[in-house]
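[1] Starting from these lines, generate the structure:
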Amino acid sequence: MKPGLREDWMKLTRRDFAAGIAVGIAAPHILTSARAQGATIKIGMCAPVTGPAAESGGYAIKGAKLALEAVNKAGGVLGKQLELIVEDDQTTNPGIVLAFSKLAAQPDIVAFLGSIRSTQVHAMAPDVIKLGKPVMIGGTDPNLTHMGNQWLFRFRPNDSYSGRVIADYGVNTLAKKKWAVLHSTDAFGTAGGKALTSALEKLGAPPVLDQGYANQSQDFTPVVLAIKQSGADILGSYFTFENDLGIFARQLRQLGVNIPWVGSPSIVNITALKLAGPALYNTYGVADYAEDSSEGSKAFGKLYRDAVKVAPDNQSSWPYDAVSVLAAAINKAGSTDPTKVRDAILATKKFPGAEGEYNFDQNGDGLHGYNIVKNDKGNIVFDKHIEFND
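    Model (predicted):
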């Protein structure tokens, strides 16, 4: 990340704030109200400013800021401007617990954005329950919204859907039955691996290999050899960190394994594409964000490209949607009271977001399907969307 850019993304600049106020001239009653009350509505965000996911953390913060700027230009929330307060989660479980505690200690923060990584959301979840304020998350472990925590709201589809889509596409479209399932041994990878295995068993194609790996591995040679020796004719994967995926992809190809590969969303993240390059050509992925999948996705793609000069992925799309839905919910509730905001989020239906159409269920899951995409020489090409209603 360029010098100064990280600090710029840590909070709204005076220029950003001034731009929002300037728009308020067109609505003087809103401007007068904001001045009279002398306050903003604050949202806290835990994001990896440092650590192995710092690059993707920058994308996430920018996605949240783009939504915040759009909301503020449209008049803000309850007559006030939104303000984003970011704390570095350091890409670790202890780091996010500390970051959330710093944000939670500020009573004027009304809601929060958590992590895209399930293991970090699990780490902060007990403190979320104690605080009792809405927390938007991107972690996809299905258990996160099924463990009695009423304050977690998910802005990506959970892995009970991704496993079904990966299995369905590999078995019924690619006509492959001998699966190697590879996954991280953390909460995300374990849940994803189980979801994929369960879906494959229901399709009559139980895996010939179920292989775990430790995050931040530097050598995947034993894993690749296990896949090669298993006789698998297709690979399904759940990688937590893009740097692990990049190392594995290069070693997989170097050792001559060229079977079809259908991966979880990390396989199409911008960071992974940069790290792996041609090693990921002709692979498939389930992608919660696919630029050509809807009008909302296309609109976000243009907005993000114009602002950041790179293609967007789910690192930026889910925070964008989280801020957008949260702002609409607070306005609908007419209050920042946590319970009223919670009820308004759960009542959100047919909300067109960058990730898709949000229809929240009673558990706090807003999305219920995935897109299938292909890596065509570095370009991520949308194939089809698969939605589940059960």
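[2] any idea how far the spatially most central residue of the chain lies from residue 282?
    Per C-alpha atoms, centre = their mean, the C-alpha nearest to the average position across the chain is that of residue 138, at 4.0 Å. Using C-beta to C-beta, to the nearest Å, one gets 27 Å for the distance from residue 138 to residue 282. (Each C-beta comes from the backbone N, C-alpha and C, glycine too.)
[3] I figured residue 114 hits residue 46, correct?
    Yes - with contact defined as C-beta atoms under 8 Å, residue 114 counts as touching residue 46 (5.7 Å).
[4] and for these two, which residues touch both?
    Shared contacts of residue 114 and residue 46, defined by C-beta atoms under 8 Å, 6 or more residues apart in numbering, are found at 96, 100, 120, 124.
[5] and those, which two are the farthest apart?
    The largest distance within the shared contacts of residue 114 and residue 46, taken as C-beta to C-beta, falls between 100 and 120 and amounts to 9.5 Å.
[6] Quick check: neighbours shared by the two?
    Joint contacts of residue 100 and residue 120 (C-beta under 8 Å, 6+ apart) are 46, 89, 114.
[7] show me the contacts for the second one.
    Contacts for residue 89 (C-beta under 8 Å, 6+ apart) come out as 46-49, 51, 57, 95-96, 98-100, 115, 120.
[8] Among those residues, name the ones in strands.
    46, 47 (DSSP state E).
[9] quick one: least confident of the contacts of residue 89?
    For the contacts of residue 89, the weakest pLDDT value sits at residue 51, with 90.
[10] Counting neighbours, what do you get for it?
    Residue 51 has 14 neighbours, counted by other C-beta atoms under 10 Å.
[11] what's the answer for residue 185, then?
    By other C-beta under 10 Å, neighbour count at residue 185 equals 13.
[12] Now do the SS call for the nearest residue to it once chain neighbours are set aside.
    Closest residue in space to residue 185, ignoring its immediate chain neighbours: residue 212 at 4.3 Å, by C-beta to C-beta, 6 or more residues apart in numbering. What DSSP: H, G, I helix; E, B strand; the rest coil gives for residue 212 is strand.
[13] Also residue 373?
    Under three-state DSSP, residue 373 comes out as strand.
[14] pretty sure it is in contact with residue 384, am I right?
    No - applying C-beta under 8 Å as the test, residue 373 and residue 384 come out as separate, 9.3 Å apart.
[15] Of those two, which one has the most company?
    residue 373 (25 against 13).
[16] residue contacts, the more buried one?
    Counting by C-beta under 8 Å, 6+ apart, residue 373 touches 268, 284, 285, 286, 287, 290, 380, 381, 382, 383.
[17] Can you select the buried ones from these in PyMOL?
    A single PyMOL command selects the buried members of the contacts of residue 373 (16 or more other C-beta atoms under 10 Å):
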select buried, resi 268+284+285+286+287+290+380+382+383
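[18] how close does residue 262 sit to residue 186?
    According to C-beta to C-beta, residue 262 and residue 186 sit 20 Å apart.
[19] Between the two, which is the more surrounded one?
    Between residue 262 and residue 186, counted using other C-beta under 10 Å, residue 262 has the larger neighbour count: 27 against 22.
[20] so what's the residue nearest to the more buried one when sequence neighbours are not counted up against?
    Once flanking residues are discounted, residue 262 sits nearest to residue 284: 4.4 Å by C-beta to C-beta, 6+ apart. Residues in contact with residue 284 (C-beta under 8 Å, 6+ apart) are 169, 174, 260, 261, 262, 263, 267, 372, 373, 374, 375, 383.
[21] would you turn the residues you listed into JSON lines with distance to residue 250?
    Below are the contacts of residue 284 laid out as JSON lines (distance: C-beta to C-beta, whole Å):
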{"residue": "169", "distance to residue 250": "24"}
{"residue": "174", "distance to residue 250": "23"}
{"residue": "260", "distance to residue 250": "18"}
{"residue": "261", "distance to residue 250": "13"}
{"residue": "262", "distance to residue 250": "18"}
{"residue": "263", "distance to residue 250": "15"}
{"residue": "267", "distance to residue 250": "14"}
{"residue": "372", "distance to residue 250": "24"}
{"residue": "373", "distance to residue 250": "21"}
{"residue": "374", "distance to residue 250": "19"}
{"residue": "375", "distance to residue 250": "14"}
{"residue": "383", "distance to residue 250": "25"}
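[22] Which member of these is positioned nearest residue 245?
    When those are compared for distance to residue 245 (C-beta to C-beta), residue 267 wins out at 6.5 Å.
[23] Dig out what the residue lying closest to the closest one once chain neighbours are set aside forms beta bridges with.
    Spatial nearest neighbour of residue 267, chain neighbours left out: residue 285 (4.1 Å); criterion: C-beta to C-beta, 6+ apart. Per DSSP bridges, the residues bridged to residue 285 are residue 263, residue 373.
[24] For residue 148, see how far away residue 285 is.
    For residue 285 relative to residue 148 (C-beta to C-beta), the value is 32 Å.
[25] And the helices in the protein, which stretches?
    Counting by DSSP state H, the chain has helices at residues 5-10, 14-23, 28-37, 54-73, 93-104, 118-131, 159-168, 187-202, 221-230, 242-254, 270-276, 295-308, 314-333, 338-346.
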